[in-house]
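Undergrad: Quick one, structure for this:
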Amino acid sequence: MRTAAWTTTLTCAAGLLGFALLGGAWGEGGGGGESIDARDAAEWRRPSGAVLLDSGRRLAVANESTGTVSLVDVETTTAPENAATFPLVSETAIGGRLTSIAPGPRDREFLLADAAGHRVLLSRMDEDRVAVVAEAPVARHPVSLLWSDDLRLVAVASLWSHTVTLFSISGAPESQALQAQAVIDLPFAPRLLASPSGTDWLIVADAFGGKLGLVDLPSGQLISLREIPGGNIRGLAISRDVRTLAISQQMTNGQAQTTNDDIHWGTLAQNVIRLVPLASLFDPSAALYRDSRVLQLGQPGFGAADPAGLVELESGDWLVTLSGTGDALIVNPFASPRARIAVGDRPLQVLLDASGRRAFAVSQLTNAIAVVDVEEGELDGLIPLGPAPPETPASRGERLFFSAGLSHDRWLSCHSCHTDGHSNGRLIDTKGDNTFGTPKRVLTLLGTRDANPWAWNGEFKELHDQVRQSIESSMQGRRPSAQQVADLVAFLHTLEPAPPLHVPATDAERDVVERGRTVFHREGCGECHIPSLTYTSNGVYDVGLVDEAGASKFNPPSLRGVSQRDTLFHDGRATSLRAVFEDYGHQLSGALDEPDLQALLEFLRTL
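TA: Purely as a prediction, here's the structure:
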């Protein structure tokens, strides 16, 4: 744990890498709740989440790309005889890139995470406008928030910084301040957070793999690290009886092959809700795999790719969004489907209204919120958030990337393996090297525009060819059109490399990094990983590793963002950067002494 030394101040940090894929008119700088009504602006808002305010009479929606907050009157229904429509009463410019929204300490208050300004904001609804009450800097790239009413603490997960920051809120309502209490280092990149009421625990979920961190909130300490099979955790929910943690996730089978049969029967990819008893989660000696129960989603012919937000209904059924298919699925505790409702492109969050009879589904790539009647299991209406601009190749490509419509039976999307453009870190047998029985680690697509050639064996000289092969072979989808391939490539070209885990802040740290750069060049690392733009090269090399089919020449992955990878080498045998050199002596002329090895590692962590 690192004790934080800052208090509430304004941050002017630079924007998150990869910002503004779609729109972003208000997203480049900070703001403070300017009274600008942006409802008529033609922008891709990319809503990231929503909360209910004012005893359930207002729905506040955080819009990631535009840095705005939309307020919807969900008490007043127009056209009740048909599909319900609820009036959008305002859209207030906050600024930045709003990646998360969560309830605050009071009924009209809520919290926002700004990944462009690297800040957390406490905001309040005041006469259908939004005002920022307090803000504070936070570890870079915040992606989710949680308010613990029991302990009066705010928790903020920062993706690429691998941290959770805890804040307290002090002062009277008119002069509140966010005070950082602790910064907790994590051995993984976090995304989702949950905290069972009546406990002191904070549950932190891995953004890519299957790790779960347990943080003791009063002490600000990471107490336990658990792991479940699979990854792509995009939903956490506590059961109504506060006895179970529900996790929506995906499991991929490294022993299966990307054949039509293995995809059709759900052997390659399983989309599930995992129900974990909290007693087992909090018991370090308990086996989570044995104690948890899995609800299988989808069936042959009707895949259920990329489950995301979920909530337990009063009936005991579970409502889960399927971000790959654009549906909301209602299943009973035995996984029998009761209803499947189309709600929009890439639905990532769902929340119930105060009555528990109506749900709001937040779809990231749709400029609207879907309203679902959970009792009837049908769409009750849409809440438009504003007009959309004309589509671009990149925006069309983004929809394709996150859509399971490209795959056989809608079992998986590009995102299923390349989580948010990065990697789920798993081994997949895709025949990308022209063989089966040789599963390879999923490569990141962040920065892939500069990573030519593509595939582990460097077979594809054009990204268009790699994309086409992935759809037809790895996903067993129909042959894509030339425009679909071009649109996907346009989207991939927008993806910047993952940012470094470590940014040197002192002269001493910068001196170590420079020493590491010297070691990098002295050991000849730059011959395959050519600096300074790509840190890869257009070739294949024998580095002393052999796959199951006897292949020994591999294309070197780019080292940009290498600190954000859990495993390395084609088969993931190295579980850390240190292991690459210490355990495998990767291409070294001789063993490095500890100061040189540490300097080399620090240099690589800055790429």
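Undergrad: R338 - how many residues pack around it?
TA: Residues lying near R338 (other C-beta atoms under 10 Å) number 15. (Glycine included, C-beta is placed from N, CA and C.)
Undergrad: residues in contact with it?
TA: Taking C-beta atoms under 8 Å, 6 or more residues apart in numbering, we find R338 in contact with D317, I330, V331, N332, G377.
Undergrad: By residue count, which helix of this structure is the longest?
TA: Under DSSP state H, the helix in the chain containing the largest number of residues is helix 507-522.
Undergrad: which helices and strands does that one pack with?
TA: Counting by 3 or more C-beta pairs under 8 Å, 6 or more residues apart in numbering; DSSP states H and E, the packing neighbours recorded for helix 507-522 are helix 594-605.
Undergrad: how much space between L446 and D73?
TA: 40 Å (C-beta to C-beta, to the nearest Å).
Undergrad: what do you get for S123?
TA: Per C-beta to C-beta, S123 is found 18 Å from D73.
Undergrad: Among those two, which residue is more densely surrounded?
TA: S123 (25 against 18).
Undergrad: Give the other helices and strands that whatever helix or strand that one lives in contacts.
TA: Secondary structure assignment for S123, by DSSP states H and E: strand 119-126. Counting by 3+ C-beta pairs under 8 Å, 6+ apart, the packing neighbours recorded for strand 119-126 are strand 109-114, strand 129-137, strand 142-148, strand 163-170.
Undergrad: now the last one, how far from the chain's geometric center?
TA: Relative to its chain's centre, strand 163-170 lies at 21 Å (C-alpha atoms, centre = their mean, to the nearest Å).
Undergrad: Provide a list of residues in contact with L322.
TA: Applying C-beta under 8 Å, 6+ apart, the residues near L322 are N271, L297, A304, A305, D306, P307, A308, A328, L329, P347.
Undergrad: let's see it at 6 Å
TA: Shown in contact with L322 (C-beta atoms under 6 Å, 6 or more residues apart in numbering): A304, P307, L329.
Undergrad: Pick the one among the residues you listed closest to N424.
TA: N424 lies nearest to P307 out of these, by C-beta to C-beta, at 14.0 Å.
Undergrad: Okay, and the nearest residue to the closest one once chain neighbours are set aside sits in which element?
TA: Of all residues not flanking P307 in the chain, S248 sits nearest, at 3.8 Å (C-beta to C-beta, 6 or more residues apart in numbering). Using DSSP H and E, the element containing S248 is strand 244-252.
Undergrad: strands paired with that strand, and their directions?
TA: Paired neighbours of strand 244-252 in the sheet (DSSP bridges): strand 231-238 (antiparallel), strand 269-277 (antiparallel).
Undergrad: Report the beta-bridge partners for the residue nearest to P307.
TA: According to DSSP bridges, beta-bridge pairing links S248 with G235, I273.
Undergrad: Distance-wise, check it relative to P347.
TA: For S248, the distance to P347 equals 11 Å [C-beta to C-beta].
Undergrad: Following element in sequence after the lowest-mean-pLDDT helix or strand in the chain, please.
TA: Ranking every helix and strand in the chain by mean pLDDT, DSSP states H and E puts strand 34-37 at the bottom, with a mean of 60. Downstream of strand 34-37, the next assigned helix or strand under DSSP H and E is strand 47-53.
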